[in-house]
Structure formats: structure tokens, C-alpha cells
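Trainee: only geometry, no sequence info:
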């Protein structure tokens with residue numbers, strides 16, 4: 001404008017801004033899907049916050065924002081949860097809506113306006129102290145993530161002018177967030193073993209298998225995959241809110257040091273063998289409590305891994321002075337001083353391990 005040089009880049013079709021990393025580095029899209037109120041935004045914020053530290057300190061890998069402006073929403077999530085520890089006031093992330101600042105209205109062709117989700121894009125590269133920094137060609141990667149509203153994954157929600165979940169078709173790995181506290185059988189098992197308001201309150205159960213079924217239907221329709229075929233990409237079932245339901249299934253307490261353990265040369269090693277053992281254990285638990293999740297996942301993908309995580313590591317509390325919503329649920333908040341995530345970065349690390357060979361040293 002007015003003779004000034006433009007240093008920004010944009011897609012010539014949708015006109016959304018693009019960081020240069022998307023062009024200069026190989027791109028890996030990871031799709032996160034799940035039902036409404038399953039904790040996707042909390043999981044995304046917690047996993048990225050933990051990943052920034054784990055990759056640099058344990059593995060010698062930098063993890064930075066490709067475009068800090070585009071990632072502002074994630075920054076707000078992280079600041080709300082992890083940079084307010086000096087305050088005792090309860091905090092909560094806003095519900096992800098079907099429209100708003102996470103989406104962009106684009107006139108993609110004359111008289112046709114399309115609503116597209118804004119991507120969160122990060123740059124990952126090997127630091128000089130990484131053992132393979134000199135041997136891996138093109139040791140940088142762009143990582144792209146989206147935060148869709150859970151309603152986007154419900155049957156009938158995707159239209160030609162609101163194709164908000166089409167990133168699932170081109171993603172390198174799928175992460176399905178399953179919330180056991182919204183499952184009737186798991187809620188029943190938790191009764192008397194926890195006073196967490198997410199299971200002791202009046203919240204209703206939700207058919208979360210329908211979300212996964214609809215996602216697989218869309219992927220098959222977009223790719224032309226037949227019903228008899230199974231997807232070759234990793235499907236990671238993220239079992240959220242582990243701190244709430246752990247006691248109900250007699251599961252152990254996990255720590256990051258168990259799975260990201262130090263090797264002889266002080267560098268961390270990702271213990272994939274342990275992760276597979278944990279996955280098998282929780283597959284058995286799900287097979288007995290929520291078999292529809294296991295059958296739907298494994299009918300679609302031949303590479304399914306089950307990983308328990310706790311994005312917050314503590315139970316929420318009822319925010320004083322708030323009224324119930326239309327579903328009869330109270331507003332819940334978290335004391336930032338109590339937040340202690342458990343394994344929240346592990347699903348993303350596993351996705352990186354499975355789709356970007358050589359970046360993470362494994363057992």
C-alpha cells in the first residue's frame with residue numbers, strides 16, 4: 001500500500017496469512033477431534049505448554065511459534081492456566097464456539113463466503129546439542145494444529161461453506177480426545193471414589209462414539225477410502241481427565257520421568273515400549289467399560305494407541321456466584337496454583353515420533 005513493500009505472505013486462494021515456515025519447511029498437520037466439553041482446548045494448551053519445555057530441555061529440539069500473531073489464542077490459553085499461579089482466583093478457558101476469533105470469513109470466490117478455522121503453526125528444529133543436528137537433512141519442521149468446537153464434529157455440522165474439519169483428511173496423525181467423565185459406565189464406576197464435580201454433579205453423559213464415527217465417515221468420503229479399508233495413519237485416543245477416574249480403574253500414577261527417561265549420555269529417551277504397554281492396559285480397560293470406542297477406532301485405523309493424560313492434574317471447583325447453564329451444569333474453574341499436568345505432552349510427542357523419523361531418540 002502506498003508504495004511500501006509487503007513482507008507478508010498469503011494463500012492466493014483463501015488469502016489467509018501464511019508464515020514463511022510453511023513454504024520453507026516440510027509441514028505436518030495433526031488433527032485434534034472430540035465431543036463438546038471433552039477438554040480439547042485445555043488439552044491443547046497444556047500439551048503445547050509442556051512441549052515447549054520437554055523438547056528443548058530433554059531432547060535438544062526448539063519449539064517456537066511460526067507466527068506469534070496467529071497463535072495469540074493459544075498464548076491466551078497458556079497465560080490463563082500457567083502464568084497466573086500467584087493468584088487464588090479460579091480461572092477457566094472459554095468454550096470454543098462455532099464461529100468467532102478462531103475462524104476467518106473468506107470470500108473464496110465471488111458471492112461465496114466460506115468460514116475457515118485459523119491454524120496454529122509452530123516451527124520445530126534441532127538445536128546444536130542434538131545428536132543428529134548435523135546428519136539429518138532439512139532438520140526443521142512446521143507443525144500445524146487446529147482447535148475446533150466439538151459441535152463441528154457432530155453429524156450434519158460440516159457444509160460446503162463451513163468445511164471446518166477437512167484438515168483431518170490431510171493430517172499426518174489423528175488425536176481423538178475421549179472424556180471418560182462423560183461416559184455413563186465410567187461415571188458410574190467413579191461414584192464414591194472421587195468428589196470431582198465433573199462426575200458428582202448433574203452433568204449428563206454423551207455419545208462420544210458418534211463423534212469418532214462421523215469423523216471417520218468424513219475422511220472416507222473425502223479420500224474415497226472403502227468401508228473395508230483401514231487408515232494407515234496413527235490414531236491416538238487421548239483419555240483425558242485421568243486424575244478424576246484413575247482410582248476407579250485402579251490405575252497407577254504416572255510421571256514424565258518414567259517415559260522420557262535419561263540415557264547414559266544424559267539425553268532423554270522416549271520409552272515407546274512402556275507407552276505400548278500402557279496403551280494395551282488402557283485398551284483392555286476401555287474394552288470392558290466403553291467397547292464402542294475401541295471398536296469404532298480399530299475399525300477405522302490399524303494403528304491405534306491409547307494414552308491417558310491429565311491436562312490439569314487437579315479437580316475444578318465451582319465458581320462462586322455463577323448460575324447453572326441450560327443443561328443444568330455449574331460453571332467450573334481451576335486454581336492455577338494447583339495445576340500439575342500429567343503426560344499431556346506425550347500424545348504429541350508420539351505423533352512426532354511416528355510421523356517425523358529421527359527427531360526423537362527412542363528406546
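Mentor: Sure thing, it's come through. Because the structure is predicted, anything quoted here is derived from the model rather than measured.

Trainee: Let me see the ranges of the strands in the stretch 251-363 of the chain.
Mentor: Shown for the stretch 251-363 of the chain, the strands assigned by DSSP state E, counting those that start in this stretch span residues 260-262, 268-270, 304-308, 317-318, 332-333.

Trainee: Please identify the helix or strand for the closest residue to residue 45 other than its chain neighbours.
Mentor: Counting by C-beta to C-beta, 6 or more residues apart in numbering, residue 77 is the residue found nearest to residue 45 once chain neighbours are left out, at 3.6 Å. The way it works is simple: take the backbone N, C-alpha and C, and place the C-beta from them, glycine included. Using DSSP states H and E, residue 77 sits in helix 72-82.

Trainee: List the buried residues for that helix?
Mentor: Within helix 72-82, the residues that count as buried by 16 or more other C-beta atoms under 10 Å are 73-75, 77-78, 80-81.

Trainee: repeat for stretch 115-126
Mentor: By 16+ other C-beta under 10 Å, the buried positions in stretch 115-126 come out as 116-126.

Trainee: Which ones among those residues map onto strands?
Mentor: 116-117, 120-126 (DSSP state E).

Trainee: ok, of the residues you listed, which one's closest to residue 315?
Mentor: Distance to residue 315, by C-beta to C-beta, is smallest for residue 120 among these, at 27.6 Å.

Trainee: and that closest one, what are its bridge partners?
Mentor: Under the criterion DSSP bridges, residue 120 forms beta bridges with residue 145.

Trainee: what's near enough to touch residue 316?
Mentor: Going by C-beta atoms under 8 Å, 6 or more residues apart in numbering, residue 316 touches 90, 92, 196-198, 332-334.

Trainee: ok so, going back, now the buried residues of stretch 115-126 as a markdown table including distance to residue 48?
Mentor: Listed next are the buried residues of stretch 115-126 as a markdown table, based on distance: C-beta to C-beta, whole Å:
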| residue | distance to residue 48 |
| --- | --- |
| 116 | 21 |
| 117 | 16 |
| 118 | 15 |
| 119 | 13 |
| 120 | 8 |
| 121 | 12 |
| 122 | 8 |
| 123 | 13 |
| 124 | 12 |
| 125 | 16 |
| 126 | 19 |
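
Trainee: any weak-confidence spans in the stretch 201-350 of the chain?
Mentor: Residue ranges of the stretch 201-350 of the chain with pLDDT under 70: 201-205, 264-266, 321-330.

Trainee: ranges for the helices of it?
Mentor: Under the criterion DSSP state H, counting those that start in this stretch, the stretch 201-350 of the chain contains helices at 208-223, 242-245, 256-259, 272-289, 291-300, 346-355.

Trainee: Show me the strands in the stretch 1-150 of the chain, by range?
Mentor: Going by DSSP E, counting those that start in this stretch, the stretch 1-150 of the chain shows strands at 9-10, 17-18, 27-34, 61-65, 103-109, 112-117, 120-126, 140-145.

Trainee: Pull up the pairing partners for the fourth one, direction included.
Mentor: What that stands for is strand 61-65. As defined by DSSP bridges, the strand partners of strand 61-65 come to strand 120-126 (antiparallel).

Trainee: Give me the contacts around the strand it pairs with.
Mentor: Taking C-beta under 8 Å, 6+ apart as the rule, strand 120-126 contacts 19, 21-22, 25, 48, 55, 60-67, 70-71, 73-74, 132-133, 136, 139-147, 352, 359.

Trainee: Let me see the contact set for the nearest residue to residue 41 once chain neighbours are set aside.
Mentor: Closest residue in space to residue 41, ignoring its immediate chain neighbours: residue 93 at 5.0 Å, by C-beta to C-beta, 6+ apart. Going by C-beta under 8 Å, 6+ apart, residue 93 touches 41-42, 45, 77, 80-81.

Trainee: cool, and residue 269?
Mentor: Contact partners of residue 269, counting by C-beta under 8 Å, 6+ apart, are 260-263, 361-363.

Trainee: can you rerun that using 6 Å?
Mentor: By C-beta atoms under 6 Å, 6 or more residues apart in numbering, residue 269 lies in contact with 261, 263, 361, 363.
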